[in-house]
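[1] Dropping a prediction and its sequence here:
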Amino acid sequence: MIKEKINEKVIVEHLNNGLDVILIPKKDAVRTYAMYATHFGSLNYKFKVPGEEEITTVPDGVAHFLEHKLFEEEDGINALDKLSKLGANANAYTSFNHTAYLFSCTDKFDEAFDALLNFVQNPYLTEENVEKEKGIIGQEINMYDDDPDWQLFFGFLNCLYKDHAITKDIAGTVDTIAEITPEILYKCYNTFYDPSNMVICVAGNIDTDKVLEKIRSSVKDVPEKEKIERYYGEVGEGIYKNRVEKKMDVSIPMAIIGFKDTENMQMIDSGYEVNNFDKVLKHVAMEILLEMLVGKSTKLYEDLYNEGLVTKELGVDYTFEEDYAYSSISCESNNVEEVIDRIKNRIEELKQNGLDEAEFNRTKRMLYGSYIKIFDSVSSCARVFINDYFKGINSFDYIDAYKDVTKEYAKDVLDKHFDFNKMAISIIQTNK
Amino acid sequence: MNEEIIKIFDGINLHFVNTDKFKTDLIATFFITELNMENVTKNALIPAVLRRGTEKLQTMKDISIKLEDMYGSVLDASSDKLGDRQVVQFYINSLNNNYALDSMDIQGEAIDLLCDIILNPKLENGHFNEEYVKGEKETLRELIEAKINDKGSYSMVRCVEEMCNNEPYGLYKFGYVEDLEKIDSKNLYEQYKRLLSTSEIHIYLSGLFNKGEIIEKFKNRFSAIERVYKNKSINTYIPENEYENREVIERQDITQGKLVLGYRLNEIDISKDLQDVVLYATILGGTPGSKLFQNVREKASLAYTIRSIYVKHKGILMIAAGIEIDKYDEAYSLILKQVEDIKNGEITEEEIKDAKSYLTNSYKSFYDEQAAIINFDMGQTLLNNEDSIDECIAKINAVTKEDVIKIANKIELQLTYFLTGKEEGEND
């Protein structure tokens, strides 16, 4: 399947073993960016392996732990080192719903791509190397404990959800990772690192036929497996807590105010274009609304800035993944309570007065332009396509959605989403 | 890609970076001036005040509306330091005209807006708007105070402050809270005028432009400045005293310690050995394959993060590590051992080859990012180094093991900085 838009082309293939491949050829690019990702993130602590009757439960932090361990190879040479020897810049990350291994390079793409395909498919786990990793990850967990943004964000999630897997720290805790063994890791690996649960995306100056051929010959040829059943715990209709506060060594208090979205919360399927245009449209409407609420061209932002209540742009986000969704607005202020009150008033005001036509169209135009800019960078576009893939979305759909979305639709989303009964607030206060 | 430099006035250069590779245009303007205690805070404040309003677009809201209308153009005005110089910089990044959904000349609008921001600020009674200055002083105060939030960057800033406490580079790039009360809309406006008339100015245009038209436009706009430009390059300040390894310990309520070692590279002539130092720093701690990363993090698990940072515009090198507080002694001596090992020639051909291919990759990657191309070129200009990206790559690949050892033996440890947790029972 080939798709074209804004002078960009995307080639998508679904292989017999279930692997999806997304190729984005960009002939002027010097860098090539490759990602190999699995639909396995911190949320997946409870699941049913295809063919098994019983539900498996694993310790928190296992996806992230496996990410660290996959770089270790039997010959004793770390895969990161191999890639870096080839001049490639390699990395990996674990999010709530996926784990990705990636590299960018300017030369020796074939060798680096081989190395990527090879290490992701060949785990090497021993009692000894698993034990050793616990020290390194323990340090990483300590680092998150000191990170105010991270603490603020998890405080917020813990308000919205009581028992859902999203409240679990991505890296787990020192206690949960202590329980991790090679057996647990192998079980997760065999379940989630099957081609049928994975995707490869390459963007850059590539010969797409050659890359596809390489993937076909290197990724194991096994029958496509059934879907893994995943259990995340209850999303819940309402919110768990209205508010949470914490004190840390920061110079200025920080806050997140956000809303839980419980509309259409059936589980999202991953895959390229699982016909989720409605989700894209809603996402776009939410982006427009958040900008119109607190964006830089609003009266609210002007007032907050002029009164010294904020010194920089408020952060906005709408996240929808798996079976949950929420919006958030974040700020730093010496008077976070006042800022929160103003945001609440602003939401009320917009709901009552409706959306101004000119403002709505200008915001659409801005988001459209910003979206096109993503395609200037091989890494941004590969990341966008991968993120959207795990939501069953074809990223090109956004370009249409930014043009098509109507004011009436956005107003409807505004009225439904910003329900004060589903609002939560997280605050980090200064230690001063 | 090719670059063309056109001098429009004394000390004002236009740099055309001709490319049709990107979906956006990037225009950047740099004002290069001396970094000093007297003006550092003012110069940090000026771009923020300019960003507040122009003669035509009087408020920040008006500017934001304009930028949104230009398909989400992004305007950035800030101040930074490059070695012992202060750089006041303005960027505008905007969508190519051919992606516009209507007939808007986004590029033309972008140039006009950038020039308006720099040259035609909103004024009252012949100086800056009182409210704007007051507001931006407050914002800057918070920005200065926010220095402490990110412990990683904070510890490096502190290391530099302690190392260069008698040199311009030791100044904090955003200035000082104590200076703010002395600044008003009049004396700030005077400094702005001085900045315009005395700075070395570089304007970079990346994208496709009608050259003749653009040159005329900039000549026309910049002729409004009364220039008293004296062509004197700003030299890097080198203190004369000998270095002793001094130790600074600071305590905060944190669980992970931050260790920073500051080295001087004064004995090195970077006009010819720049890429030797770059390669040395990369072998030491620039990559996952580097000595520090491999031996301190991977093999000994004594650090979560560890890397070396070479500040070429100042001639210092830092090793920064996030470590467990009670493993300080072990981590510290293992780090020093890596530095010693290179001095003693313990480097493999493979380590050299790997670092070279890493750097080749990094340099080449600049071509994929307009800002990287521009910033590289600006950086080279300030080093009086004429090497292009390709020439840097060629030089990197010509560095020998002996060259690296020579560099390793010229660096001098001046400061050990450690940000650590509070002792038991200790409280503010």
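    Good, I have the coordinates. Computed from a prediction, not measured in an experiment: that's the story for all the values here.

[2] Sketch out the strands for the stretch 251-400 of chain B, chain order is fine.
    Secondary structure of the stretch 251-400 of chain B by DSSP state E, counting those that start in this stretch: the strands cover B:256-264, B:305-311, B:316-324.

[3] avg pLDDT for the last one?
    With pLDDT averaged residue by residue, strand B:316-324 scores 96.

[4] Report whether it contacts chain A.
    Yes: interface with chain A: strand B:316-324 contributes B:322, B:324 (Cβ under 8 Å from any Cβ of the partner chain). Yep, even glycine has a C-beta here, placed from its N, CA and C like the rest.

[5] For that strand, list every residue counted as buried.
    Buried residues in strand B:316-324, counting neighbours by 16 or more other Cβ atoms under 10 Å in any protein chain shown, are found at B:316, B:317, B:318, B:319, B:320, B:321, B:322, B:323, B:324.

[6] Show me what it is packed against.
    helix A:127-145, helix B:151-163, strand B:256-264, helix B:270-285, strand B:305-311, helix B:328-343 (3 or more Cβ pairs under 8 Å, 6 or more residues apart in numbering or on different chains; DSSP states H and E).

[7] so how many other residues sit close to the residue nearest to residue B:123 when sequence neighbours are not counted?
    Counting by Cβ to Cβ, 6 or more residues apart in numbering or on different chains, residue B:123 lies nearest to residue B:129, which is 7.1 Å off, once chain neighbours are set aside. For residue B:129, the count of nearby residues is 21 (other Cβ atoms under 10 Å in any protein chain shown).

[8] Would you confirm that residue B:129 contacts residue B:52?
    Yes: using Cβ atoms under 8 Å, residue B:129 is in contact with residue B:52, at 7.2 Å.

[9] intersection of neighbour lists for those two?
    With contacts defined as Cβ atoms under 8 Å, 6 or more residues apart in numbering or on different chains, the residues shared by residue B:129 and residue B:52 are residue B:122.

[10] okay, stretch A:360-367 in PDB with CA atoms only?
    This file holds the C-alpha atoms of stretch A:360-367, laid out as PDB (Å, rounded to 0.1, in the frame of the first residue of the first chain):
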ATOM      1  CA  PHE A 360     -11.200  28.700  15.200                       C
ATOM      2  CA  ASN A 361      -9.900  28.900  11.700                       C
ATOM      3  CA  ARG A 362      -6.700  30.600  12.600                       C
ATOM      4  CA  THR A 363      -5.900  27.900  15.200                       C
ATOM      5  CA  LYS A 364      -6.700  25.200  12.600                       C
ATOM      6  CA  ARG A 365      -4.300  26.800  10.200                       C
ATOM      7  CA  MET A 366      -1.500  27.100  12.800                       C
ATOM      8  CA  LEU A 367      -1.800  23.400  13.700                       C
END
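
[11] quick one, what contacts residue A:123?
    Residue A:123 touches A:66, A:69, A:70, A:185, A:186, A:189, A:193, counting by Cβ under 8 Å, 6+ apart.

[12] I'd like the distance between the residue of chain B found nearest chain A and residue B:102.
    Distance from chain A to each residue of chain B (Cβ to the nearest Cβ) is smallest for residue B:71, at 2.9 Å. As judged by Cβ to Cβ, to the nearest Å, residue B:71 and residue B:102 stand 10 Å apart.

[13] Those two - which one has more neighbours?
    Taking neighbours as other Cβ under 10 Å, residue B:71 and residue B:102 compare with residue B:71 leading, 27 against 6.

[14] is it fair to say that one lies in a helix?
    No: per DSSP: H, G, I helix; E, B strand; the rest coil, residue B:71 lies outside any helix segment and is coil.

[15] Does it touch residue A:364 like I think?
    No: counting by Cβ under 8 Å, residue A:364 is not a contact partner of residue B:71; they are 10.3 Å apart.

[16] Can you list the residue ranges for strands in the stretch 201-350 of chain A?
    Taking DSSP E, counting those that start in this stretch as the test, the strands found in the stretch 201-350 of chain A are A:229-230, A:243-248, A:254-261, A:315-321, A:324-332.

[17] neighbouring contacts of the helix or strand encompassing residue B:213?
    In this structure, residue B:213 sits in helix B:211-222 according to DSSP states H and E. Here helix B:211-222 makes contact (Cβ under 8 Å, 6+ apart) with B:4, B:6, B:8-9, B:12, B:14, B:16, B:111, B:115, B:119, B:201, B:203, B:205.
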